[in-house]
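# Quick one, structure for this:
(one chain, ligands or ions: 2)
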Amino acid sequence: MRVSVIGCGHLGIPHAAAMAEIGHEVIGVDLDQAKINRLNAGECPIYEEGLPALLATHTASGRLRFTTDLAEAAAFADVHFLAVGTPIDADGRSYDTGQVFGAARALAPHLTRPCVIIGKSTVTVGTTRDLAALLARLAPAGTDVEVVWNPEFLREGHAIEDTLRPDRIVVGVPSPHAEDVVREVYAPLLHNQIPLFVTDPATAELIKGAANAYLGMKISFINGVADMCTAAGADVHQLTEAIGLDPRIGRGGLNAGPGYGGGCLPKDVRAFTASAQSLGALDAATLLRAAEQVNESRPTAALALIEQTLGRPVAGSRVTVWGASFKAGTDDVRESPALAVAALMHQRGATVTVHDPHAVPTALVRHPELDYAEDLEESVKGAELIVLATEWPQFRDTDPKALSSLVDQPLLVDLRNLLNADAWRTAGWTVRQLGRPAQP
Ligand SMILES: NC(=O)C1=CN([C@@H]2O[C@H](COP(=O)(O)OP(=O)(O)OC[C@H]3O[C@@H](n4cnc5c(N)ncnc54)[C@H](O)[C@@H]3O)[C@@H](O)[C@H]2O)C=CC1
Ligand SMILES: O=C(O)[C@H]1O[C@H](OP(=O)(O)OP(=O)(O)OC[C@H]2O[C@@H](n3ccc(=O)[nH]c3=O)[C@H](O)[C@@H]2O)[C@H](O)[C@@H](O)[C@@H]1O
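Numbering: from 1, shown residues only. Ligands and ions are numbered 1, 2, ... in the order given. This is a model prediction of the structure:
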């Protein structure tokens, strides 16, 4: 089939590459000319494992190309995926769906034949209905446009795997014909026994919000319990392993840390809370607001552990933060907890040097006030304390002995419970881990 993917960001680029991989002819569209030039030159503008190879294969074969021209996409494709951004509104609580409606408005006049628009962006419930009404008004006569909502569940750092082998595909369809089109698009995945969950558009929109809201609540829950473990001298890691064995709880997404970040979970929990409020579902709003509040408090909780380990306030100290991206496997720093902790220490008067294997360039743009080191060993020279804030395997694999002579004091706070603390302690380091006893 010939498909377009409108919006080439963290979702759109992997999706376009994956659609080519399963046999479609794909045109990716974005407003950002510089990004499109890079993509057409075979460059991958984001750090995502496996994506550069897939882009190279399919741009070389001609099955995948990129443009800024929606007219070209309209002439080429019968199915248009919408993968544009839905940042949080100026009010800080609901989605700004301007990119979704803007892209649809821009596409509509170029349509020359019936087509299906498959929305993938995360949106407020009711968006599919409003978009269908808009397109019914704007699309030229004879171009019947159907709008399907097909929320995306990929995780950054696993984007290709999650797109080609998702747990499930959810679609909210307005008609049996639209369902047939979706089945044809995803046929290669459905042949591989990936479950297709077909529902109405409003339910599909809420499924996405509920999934991310639940993931956020689960993380806030375990972070709150980590504080209980700290106070009681217990071990949150062992606790998690034990409760995770209950299949009703599950071990996935239950790692204590510096809070959930990224371009999605924080905004999606906020927007789902606001939706609950506006729909009058006040109990849901209360529960979700609590998850948000816990998450907002995590940088301060991290600072308390850091200052306890340092033995004094951070003002005037030299601290190294390992990690800038919101999690390992990506160079995305949107709402990164690592940078929130780094920025908080900087505000409190510490000199902060941040090191990340892939995200220094993106971090520099958002937090120019911090110091950066591209090299891990360079980053710790003269440090009085290291804070491990993002769970890159490079940090776990670091030899503590090799670093001892570089730092000013061998102190480390592991906010991700990533390190083998015993090995570091044997090498002479004082290590504190989140929600775990000072000396087990
Ligand atoms: N990042 C992720 O892993 C996931 C994101 N989502 C959702 O997918 C949506 C996109 O997220 P990201 O890719 O992270 O955002 P992003 O900000 O990385 O990418 C959005 C892209 O859309 C482009 N764009 C905006 N208006 C356009 C228009 N009129 N025509 C063509 N291109 C246009 C922008 O230039 C940008 O490149 C959001 O709703 C997000 O919540 C859902 C699941 C996973
Ligand atoms: O809607 C989206 O965009 C996506 O949002 C999340 O994916 P992602 O943002 O890539 O990241 P996660 O792996 O969920 O992590 C989010 C944040 O929570 C933190 N986290 C995650 C898991 C965990 O156990 N503990 C924890 O602190 C991470 O470090 C990170 O800061 C969801 O997991 C995806 O299913 C969803 O498609």
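# Could you tell me the phi and psi values at the one residue in the stretch 151-300 of the chain that gets nearest to ligand 2?
As assessed by CB to the nearest ligand atom, ligand 2 sits closest to residue 264 within the stretch 151-300 of the chain, at 2.9 Å. To be clear about C-beta, it is placed using only N, CA and C from the backbone, and glycine gets the same treatment. Phi and psi for residue 264, reported as degrees, to the nearest 10, are phi -130, psi -60.
# Surely it touches residue 212?
Yes. Counting by CB atoms under 8 Å, residue 264 does reach residue 212; the two are 6.2 Å apart.
# okay, those two: which has more neighbours?
The residue with more neighbours, out of residue 264 and residue 212, is residue 264; 25 against 22, by other CB atoms under 10 Å.
# Report the contact partners of that one.
122, 212 (CB atoms under 8 Å, 6 or more residues apart in numbering).
# From residue 305, how far off is the residue of the stretch 151-300 of the chain closest to ligand 2?
From residue 264 across to residue 305, the span is 26 Å (CB to CB, to the nearest Å).
# ditto for residue 76
54 Å.
# Show me which residues of the stretch 201-350 of the chain are close to ligand 1?
Residues of the stretch 201-350 of the chain lying close to ligand 1 by CB under 6 Å from any ligand atom are 263, 264.
# which stretches of the stretch 201-350 of the chain form helices?
Under the criterion DSSP state H, counting those that start in this stretch, the stretch 201-350 of the chain contains helices at 201-232, 236-244, 265-278, 282-310, 337-347.
# So which elements touch the first one?
Contact partners of helix 201-232 among helices and strands, from 3 or more CB pairs under 8 Å, 6 or more residues apart in numbering; DSSP states H and E: helix 127-138, strand 145-149, strand 169-172, helix 236-244, helix 265-278, helix 282-310.
# JSON lines for the ones you listed, including mean pLDDT and mean neighbour count?
Shown next, in JSON lines, are these (pLDDT from 0 to 100; neighbours: other CB atoms under 10 Å):
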{"stretch": "helix 127-138", "mean pLDDT": "97", "mean neighbour count": "17"}
{"stretch": "strand 145-149", "mean pLDDT": "98", "mean neighbour count": "25"}
{"stretch": "strand 169-172", "mean pLDDT": "98", "mean neighbour count": "22"}
{"stretch": "helix 236-244", "mean pLDDT": "98", "mean neighbour count": "16"}
{"stretch": "helix 265-278", "mean pLDDT": "95", "mean neighbour count": "22"}
{"stretch": "helix 282-310", "mean pLDDT": "97", "mean neighbour count": "18"}
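# Now residue 61. Nearest residue, chain neighbours left out?
Of all residues not flanking residue 61 in the chain, residue 20 sits nearest, at 7.9 Å (CB to CB, 6 or more residues apart in numbering).
# ok, so what distance separates that neighbour from ligand 2?
Distance of residue 20 to ligand 2, computed by CB to the nearest ligand atom, to the nearest Å: 21 Å.
# what's near enough to touch residue 211?
151, 153.
# Not counting residues beside it along the chain, what's closest to residue 349?
Leaving aside its chain neighbours, residue 349 sits nearest to residue 315 (3.3 Å; criterion: CB to CB, 6+ apart).
# So what's the residue count around the residue nearest to residue 61?
If you count neighbours by other CB under 10 Å, residue 20 ends up with 24.
# Break down the stretch 51-200 of the chain into its strands, ranges please.
64-67, 79-82, 115-119, 145-149, 169-172, 196-199 (DSSP state E, counting those that start in this stretch).
# Pull up the residues of this protein that are close to ligand 2.
Listed as neighbours of ligand 2 in the chain under the rule CB under 6 Å from any ligand atom: 122, 152-156, 212, 215, 219, 253-255, 257, 260-262, 264-265, 268, 326-327, 337.
# Mind checking which of those are buried?
Among the residues of the chain next to ligand 2, those classed as buried by 16 or more other CB atoms under 10 Å are 122, 152-154, 156, 212, 215, 219, 254-255, 257, 260-262, 264-265, 268, 326-327, 337.
# So, low pLDDT: which residues of this structure?
Applying pLDDT under 70 to the chain flags residues 440.
# List the contacts of residue 150.
81, 118, 119, 120, 169, 170, 171, 172, 182, 204.
# Outline the domain layout of the chain.
2-199, 208-296, 298-433 (automatic domain parsing).
# end-to-end on the first one?
Using CA to CA, to the nearest Å, the span of domain 2-199 from its first residue to its last is 25 Å.
# now stretch 146-161
29 Å.
# Now residue 436: closest residue in space, sequence neighbours ignored.
residue 235 (5.0 Å).
# Check whether the one you found really touches residue 434, as I assumed.
No. Contact criterion CB under 8 Å: residue 235 and residue 434 do not qualify, at 10.6 Å.
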